[in-house]
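Asker: Sequence and predicted structure are below.
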Amino acid sequence: MNKWWMNEIAYQIYPRSFKDSNDDGIGDIKGIISKLDYLKDLGIKLIWLSPVFKSPQKDYGYDISDYKDIDPMYGTLDDMDELIFQAQKRNIKIIMDLVMNHTSNQHEWFEKSRLKIEPYTDYYIWEDPVNGKEPNNWTSIFTGSAWEFDEIRKQYYLHLFAVEQPDLNFKNERVVEEIKNVMRFWLNKGIAGFRYDAINLIYKTTLEQGDKKHIFRGQEHYLNQEGNHKILNDIYKEVLSEGDYFTVGEAGFTSPEEAKLYCDHQREELDTLFTFEHTQTNYKYRWIRVKFKPKKFYKALVKYQNILDWNVLFFENHDLIRSVSQFGDVKKYWKQSAKSLALLLLTLKGTPFIYQGQEIGMTNFDYKDINETQDVESKRLDTLLNKKRVPKRLRWFFISRISRDNARTPMQWNSSKYAGFSNHKPWLKPVNNFSYINVEQQKNDSDSILNFYKDMIKYRQNSKTLREGKFEIYKITNKLMVFKRYTHEETLCIAVNLSRRKQKINLQGKLVFNSETGDSLEKYLNPYQAVILKQI
C-alpha cells in the first residue's frame, strides 16, 4: 500500500495565531491564503487546519456552534472556498479538524436538547441527580467534575472537557448521521479529509462510577471502547469509502496495541493516529514537567515505529509545548536543538506533521503570570491548585511549563511590532524573542533552521528510502539514538544526539546530511548534532 498521504509533508495551522489580514489581532482565512506561497516554498503538500467553524471560542474553536459555517472572526464560507481553491492551485491539500466528541453549549442541537425538543432530546448525555448530586464521580480532562447541572432541563449533562462543551450521545444513531452529513458537506467542497479530535473518547459504554486510581476518573468506561471502533467503521463505509480521503485521529492515553486496531486497514476505521507517549516522557501526573531524558523519548518513538505499519510523526501541536523547549536546550544550543529534532522527525517512518513556527525554532512563551494566558485549561488548573492552597508562584511555575498557550503565541514572521503577525495588538502576546527568531531573519540565512527544514524536506521527498523504507533500531543510549531506514537498493543510518555532551559513535558510510555545517564526520557527535550516513 502506498497512499498519497504517505508521501507528503503536512503542516498544522492554528488559524487564530497564524496570520491576521484585517488587523483585528486575530488570525484569519485570508491571512492563511496570503502565506500559501510560503508553505509551498517550504515543501508542504498537506495542511491540517485547526477549527474555523462558528464558535463562541470558549476553547478557541474546539467548541463548535455550527459545523457548516465559518466563524466571522476567521472569515466567510466564500473565504474558505477560496482557500481550498488557492491551495489546490499550489498542489496543497487540506484536512479539517472535526470535533465530534462534543459541541458548544450554544449549538442549536444543545439548545433544543435542553428544552426536550425532538429529535434533539437525546443528542447529549443527560442524567438525573443522584441524591442531589452528580450522577457519578467522573472528572473532566480540564479538571473538576465532568457533570454540569442545567437549570432549564433540571438534569446534569456530561462534559469531558470544558463546561461549555457538552458531550454528544453516540448511542443515538441520529447523532452519527448528523456527523456524516457534516463530513459530506466539507468533502463536497474539496477538502482531502479530516483530523478527528479526541476520537477515542466518543462512545461511553456505561455511566458507572469511575475507578479512583485513574487520572481521569471514569476513563475505563469511555476510553478506546468497542463502540468507538464500530462508529468509525460505519463512517468509513458510508462516507469515506466514496473517495481517496485521508483521516488521522487524535487518541491520547492509547497503547500501541490499541492504536494498531484503529489503523488496521482491514478494519476500515482510520488511516493513521496521533498518539502521545513520546511527548509525555518527561511529564509526571500529566501536569508536572520533569527533566528530559532522551532514552525514554527514543524508546517511546521506537515502540510505535515497530508496532504500527505507518506512523504520524510530530513533536508539536496546538496542545503541546514547543519541542525545542521540551526536548532541546534553548539557552545554549537553540539552533542545534531545533535542527537535530528536524532531522529526527523527517527520517522516521510515517507522515511528518510540522506545527506552525516549528520550522523557525519558535520557543515557549516568556510570560510572567497567569493573567497573560488565555488557555481555558491553564486557568482551570490554576483555580484547582489555588483551592488546594498551592502558593501563586509555585502554581505559575507548574502551569507556565505546560500551558497550551506556549504553542499558541502568534507566528513570528518578522521583527516588526507584533512579529509581523498583525498591525494590531494580538489576542495573545508574542514571545519577545521574535526580534531574532522570525521567518524574514532566517529565509536568507543559509545556516538557519528554516533553510535546514527546507533542505531536509526536499531530501526526504526525493528519497524513496525515507518515504517508503523499513525501520530498524541499531542503538539507544541515555543520550544517543541510532537507527536505519532501508530498501533493497539503499541503507541510510541516522544518528541523533539530544544531549549537551559529545557522544562517541562508530559508524561507517558517506555523510549525506548533517545538522551542523561541514561535510565530514569524526568519531563523535557534538551536543545536539544529528546526521544521515549512506552505507556503502
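Answerer: That came in fine, so what should we check first?
Asker: what does the helix or strand of the chain with the lowest mean pLDDT contact?
Answerer: Across the helices and strands of the chain, mean confidence by mean pLDDT, DSSP states H and E is lowest for strand 283-284: a mean of 81. By C-beta atoms under 8 Å, 6 or more residues apart in numbering, the residues outside strand 283-284 that reach it are 289-290, 402. In this view, the C-beta of every residue, glycine as well, is placed from N, C-alpha and C.
Asker: Going by residue numbers, what spans are helices in the stretch 251-400 of the chain?
Answerer: Secondary structure of the stretch 251-400 of the chain (DSSP state H, counting those that start in this stretch): helices at 256-263, 294-307, 323-327, 334-345, 376-387, 392-400.
Asker: same for the first one, what does it pack against?
Answerer: Think helix 256-263. helix 226-238, strand 272-274, helix 294-307 (3 or more C-beta pairs under 8 Å, 6 or more residues apart in numbering; DSSP states H and E).
Asker: same deal with the longest one?
Answerer: Of the remaining helices and strands, those touching helix 294-307 by 3+ C-beta pairs under 8 Å, 6+ apart are helix 256-263, strand 470-476, strand 480-486.
Asker: Remind me what the last one packs against, helices and strands.
Answerer: Translated: strand 480-486. Applying 3+ C-beta pairs under 8 Å, 6+ apart, one finds that strand 480-486 makes contact with helix 294-307, helix 464-468, strand 470-476, strand 491-497.
Asker: Export these as TSV, with columns for mean pLDDT and mean neighbour count.
Answerer: As requested, the helices and strands packed on strand 480-486 are exported to TSV (pLDDT from 0 to 100; neighbours: other C-beta atoms under 10 Å):
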stretch	mean pLDDT	mean neighbour count
helix 294-307	97	18
helix 464-468	97	16
strand 470-476	97	15
strand 491-497	98	23
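Asker: quick one, which of those is nearest to Lys454?
Answerer: helix 464-468 (15.4 Å; C-beta to C-beta).
Asker: which other residues reach the closest one?
Answerer: Taking C-beta under 8 Å, 6+ apart as the rule, helix 464-468 contacts 2, 6-7, 346-347, 459-461, 485-487, 489-492.
Asker: same deal with stretch 383-400?
Answerer: Under the criterion C-beta under 8 Å, 6+ apart, residues 143-144, 287-289, 364-365, 367, 369-370, 373, 378, 381-382 lie in contact with stretch 383-400.
Asker: cool, and stretch 202-209?
Answerer: Here stretch 202-209 makes contact (C-beta under 8 Å, 6+ apart) with 100-101, 125, 127, 135-138, 158, 167-168, 170-171, 218, 221-222, 225-228, 230-231.
Asker: which among these end up buried?
Answerer: Neighbour-count burial (16 or more other C-beta atoms under 10 Å) is assigned, among the contacts of stretch 202-209, to 100-101, 125, 135-138, 158, 167-168, 170, 218, 221-222, 225, 228, 231.
Asker: Buried among the contacts of stretch 383-400? Make that a ChimeraX selection.
Answerer: Applying 16+ other C-beta under 10 Å to those, the buried members can be selected in ChimeraX as follows:
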select :144,287,289,364,365,367,370,373,378,381,382
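Asker: Chain neighbours aside, what residue packs nearest to the residue positioned nearest the centre of the chain?
Answerer: When C-alpha atoms, centre = their mean is applied to the chain, the residue found nearest the centroid is Asn317 (3.6 Å). Distances taken as C-beta to C-beta, 6 or more residues apart in numbering place Tyr355 nearest to Asn317, at 5.3 Å, with adjacent residues excluded.
Asker: Count the residues that sit near the one you found.
Answerer: 22 (other C-beta atoms under 10 Å).
Asker: go on, the one 5 residues further on?
Answerer: A total of 22 residues lie near Ile360 under the criterion other C-beta under 10 Å.
Asker: residues in contact with it?
Answerer: For Ile360, the contacting residues are 412, 437-439, 442, 448-450, by C-beta under 8 Å, 6+ apart.
Asker: Name the SS class of the residue nearest to Phe149 when sequence neighbours are not counted, please.
Answerer: Closest residue to Phe149 apart from its sequence neighbours, by C-beta to C-beta, 6+ apart: Tyr156 at 5.3 Å. Under DSSP: H, G, I helix; E, B strand; the rest coil, the three-state class of Tyr156 is strand.
Asker: If anything else comes up later, I'll come back, but that's it for now.
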